[in-house]
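In: Have a look at this fold, sequence not included:
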């Protein structure tokens with residue numbers, strides 16, 4: 001069937017208009033998809049927040065902050081009690097740490113505490129040491145605890161994993177005191193990463209005194225008990 005010149009022109013115009021309209025629809029759909037995806041990305045990239053368990057507030061009371069500590073064992077007792085309570089309350093893993101300030105008279109005062117919050121906060125970076133360090137720096141307004149010549153010490157219930165050793169190096173503490181051994185954590189399934197004696201030598205060479213095996217048995221018991229019931233989240 002032959003189309004007249006007029007009808008052919010009309011048909012061509014209609015086809016062109018339809019194509020143009022379809023192009024607009026496709027473009028609009030693409031914009032909607034892109035906008036939706038962008039909104040999804042924005043909604044997933046908000047600020048990150050975390051906190052200590054409610055029970056940990058007892059370590060930030062005026063009385064707790066004013067308490068004087070004389071020995072490594074007294075300070076390590078705090079670092080070991082944190083993971084013990086953390087496991088008992090089902091608020092995180094079996095690792096804890098505390099930052100103390102060493103005073104001129106040789107005693108020390110508590111600055112901050114931290115306990116492992118990896119599972120409840122869905123954050124693999126929230127180890128006991130990193131939590132304690134971040135809180136101490138935030139409270140003191142210092143990016144490094146050495147920035148104003150202070151003398152701060154990190155007590156941790158277990159020898160740090162590779163991540164926390166790095167955090168210790170850059171935190172500005174003058175001293176690292178450990179309870180349980182890396183082997184105690186590995187025995188229940190935790191992978192502590194590439195930690196070697198050279199790692200500790202590097203800390204020492206950077207001005208961080210390292211002391212180990214303070215209340216090891218008590219700290220290792222916390223790990224052993226957790227290994228029977230807890231989640232080994234990094235294997």
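Out: Cool, the structure landed. Note that the coordinates shown come from a computational prediction; the quantities given were computed from them, not determined experimentally. Numbers count the residues shown, from 1 in each chain.
In: Now the closest residue to residue 48 other than its chain neighbours: which helix or strand?
Out: What sits nearest to residue 48 in space, not counting adjacent residues and going by C-beta to C-beta, 6 or more residues apart in numbering, is residue 123, at 7.3 Å. Any C-beta I mention is one placed from the backbone N, CA and C, and that applies to glycine too. Using DSSP states H and E, residue 123 is not contained in any helix or strand.
In: same deal with residue 100?
Out: Counting by DSSP H and E, residue 100 is part of strand 96-102.
In: Residues contacting that strand, please?
Out: For strand 96-102, the external contacting residues (C-beta atoms under 8 Å, 6 or more residues apart in numbering) are 59, 69, 75, 78-84, 86, 108-116, 128-129, 131-133, 135-136, 145, 150-157, 173-175.
In: what sits against residue 126?
Out: By C-beta under 8 Å, 6+ apart, the contact set of residue 126 is 50, 92, 116-118.
In: Rank those by pLDDT and give me only the lowest.
Out: Lowest pLDDT of the contacts of residue 126: residue 50, 90.
In: Tell me which other helices or strands the strand or helix carrying residue 177 touches.
Out: When elements are assigned from DSSP H and E, residue 177 belongs to strand 175-180. When contacts are defined as 3 or more C-beta pairs under 8 Å, 6 or more residues apart in numbering; DSSP states H and E, strand 175-180 sits against helix 72-88, strand 152-158, strand 209-211, helix 216-229.
In: ok, residues contacting that strand?
Out: 72, 75-76, 79-80, 102, 152-160, 168, 203, 208-216, 218-220, 222-223.
In: that older thread, can you say which of the helices and strands packed on strand 175-180 is nearest to residue 46?
Out: Among these, the nearest to residue 46 by C-beta to C-beta is helix 72-88 (26.6 Å).
In: which parts of that closest one are buried?
Out: By neighbour count on 16 or more other C-beta atoms under 10 Å, the buried set for helix 72-88 is 72, 74-87.
In: about what we covered before: report the buried residues of the following helix or strand past the strand holding residue 100.
Out: From strand 96-102 onward toward the C-terminus, using DSSP H and E, the following helix or strand is strand 108-115. Neighbour-count burial for strand 108-115 flags 108, 110-115 (criterion: 16+ other C-beta under 10 Å).
In: Those residues into JSON lines, with extra columns for pLDDT?
Out: Shown next, in JSON lines, are the buried residues of strand 108-115 (pLDDT from 0 to 100):
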{"residue": "108", "pLDDT": "98"}
{"residue": "110", "pLDDT": "98"}
{"residue": "111", "pLDDT": "98"}
{"residue": "112", "pLDDT": "98"}
{"residue": "113", "pLDDT": "98"}
{"residue": "114", "pLDDT": "98"}
{"residue": "115", "pLDDT": "98"}
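In: which pair in the residues you listed spans the largest distance?
Out: Maximum pairwise distance among the buried residues of strand 108-115 (C-beta to C-beta): 19.6 Å, between 108 and 115.
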